[in-house]
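K.L.:
Test case, fold it:
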Amino acid sequence: MQDISIRSENHPQPLIDFRNVTVARDGRKILDSVSLQIDVGENVAIIGPNGSGKSSLIKTITREYRPLANSSGLVCRIMGEERWDVFDLQRSLGIVSGDLQQEYTRDICGYEAVLSGFFSSIGVYRNHHITYEMRCIVKAVMDLLEVSHLQHKIISHMSTGEARRILIARALVHDPLALVLDEPANSLDLHSLHRFREVMRRIAVAGKSIILVTHNLQDIIPEIERVILFRDGRTFMDGPKEQILTSSNLSILFGLPVEVQSADGYYRAWC
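P.N.:
Numbering: from 1, shown residues only. Predicted structure coming up:
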């Protein structure tokens, strides 16, 4: 099986550099003075209960949400830049989310969905100029993720696990610096979860940054070494996985007694 290609450029700037980032929606703060830095090549999991603001953080990274301009000491940089064209940013950060999957409501096959990653669109349209090189990249990525058999299958007819792997392939066509995964393992059965983890491990070993947002510890692959706990729109804890993922910390985060166990680099929690 071929390897995932790696960009060879040097990146002295952090992938993400947020300081005092506050975001409000409908008059309510959903992020409150968030400060964090993630470097290129770093793999990070962001964990928090539903409604904690972790998905809002991702939408701020992808520029769906804008921080309040009057925040004191505000810094909101992606790869050293304050301003980004949204489409250019989407080519540098491969996005995989349940929201994106739900947008594929019309009859779009797997091949077309992966190809649409070049245009940051939902499907491919007549005005899109498709090159031979694009088609070669789509084939290579689909082969790599073992989804070539899904190229003619309509996304809405796929299982959740199949559709997620197609969206990961879509995110990889630009050889992005990082994959941003928002609750990517939701609704996956055990077999699909295992295949998803294996795909993520290959991508991480290849040197791409993975930013994983989840509320479930079993989604965290061994290659993720840093964990950020998120609560009430703020960073609650941030540090090495072994120090952060403890029964005590998770009990405080979720507001009920939680037991945490680890084995072979994976974690699980139960109440």
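K.L.:
could you give the mean pLDDT of the helix or strand hosting Y111?
P.N.:
Secondary structure assignment for Y111, by DSSP states H and E: helix 110-115. Across helix 110-115, pLDDT averages out at 95.
K.L.:
what's downstream of that helix, the next helix or strand?
P.N.:
helix 132-144.
K.L.:
sorry, back to before: the helix holding Y111: which residues count as buried?
P.N.:
G110, Y111, E112, A113, V114, L115 (16 or more other C-beta atoms under 10 Å). C-betas here are computed from N, CA, C, even on glycine.
K.L.:
Tell me which stretches of the protein form strands.
P.N.:
16-25, 28-38, 43-47, 75-78, 93-97, 178-182, 209-214, 226-231, 234-240, 259-263, 266-270 (DSSP state E).
K.L.:
could the buried residues of helix 110-115 go into CSV alongside distance to S187?
P.N.:
Output for the buried residues of helix 110-115, formatted as CSV (distance: C-beta to C-beta, whole Å):
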residue, distance to S187
G110, 18
Y111, 23
E112, 23
A113, 18
V114, 21
L115, 25
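K.L.:
what's the first-to-last distance across stretch 110-128?
P.N.:
17 Å (C-alpha to C-alpha, to the nearest Å).
K.L.:
ok, the buried residues of helix 110-115 vs D32, which is closest?
P.N.:
A113 (36.1 Å; C-beta to C-beta).
K.L.:
count of residues packed around I228?
P.N.:
Around I228 there are 22 other residues, counting by other C-beta atoms under 10 Å.
K.L.:
brain fart, I46
P.N.:
Neighbour tally, I46, other C-beta under 10 Å: 26.
K.L.:
That one bridge partners, please.
P.N.:
V213, I228 (DSSP bridges).
K.L.:
Tell me if I'm right that it and I211 touch.
P.N.:
Yes. Using C-beta atoms under 8 Å, I46 is in contact with I211, at 7.0 Å.
K.L.:
So for these two, which residues contact both of them?
P.N.:
Shared contacts of I46 and I211 (C-beta atoms under 8 Å, 6 or more residues apart in numbering): I58.
K.L.:
could you say what helices and strands the helix holding Y111 packs with?
P.N.:
Secondary-structure packing of helix 110-115 (3 or more C-beta pairs under 8 Å, 6 or more residues apart in numbering; DSSP states H and E): helix 132-144, helix 160-172.
K.L.:
a markdown table for those helices, including mean pLDDT, mean neighbour count and distance to S121?
P.N.:
Shown next, in a markdown table, are those (pLDDT from 0 to 100; neighbours: other C-beta atoms under 10 Å; distance: least, C-beta to C-beta, whole Å):
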| stretch | mean pLDDT | mean neighbour count | distance to S121 |
| --- | --- | --- | --- |
| helix 132-144 | 94 | 16 | 13 |
| helix 160-172 | 91 | 24 | 10 |
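K.L.:
Dump these into a markdown table; add distance to R77 as well.
P.N.:
Converted to a markdown table, these look like this (distance: least, C-beta to C-beta, whole Å):
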| stretch | distance to R77 |
| --- | --- |
| helix 132-144 | 29 |
| helix 160-172 | 22 |
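K.L.:
CSV for the strands of the chain, including mean pLDDT and distance to S148?
P.N.:
Shown next, in CSV, are the strands of the chain (pLDDT from 0 to 100; distance: least, C-beta to C-beta, whole Å):
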stretch, mean pLDDT, distance to S148
strand 16-25, 95, 33
strand 28-38, 95, 32
strand 43-47, 97, 27
strand 75-78, 92, 32
strand 93-97, 87, 19
strand 178-182, 93, 20
strand 209-214, 94, 23
strand 226-231, 97, 34
strand 234-240, 96, 38
strand 259-263, 96, 33
strand 266-270, 94, 29
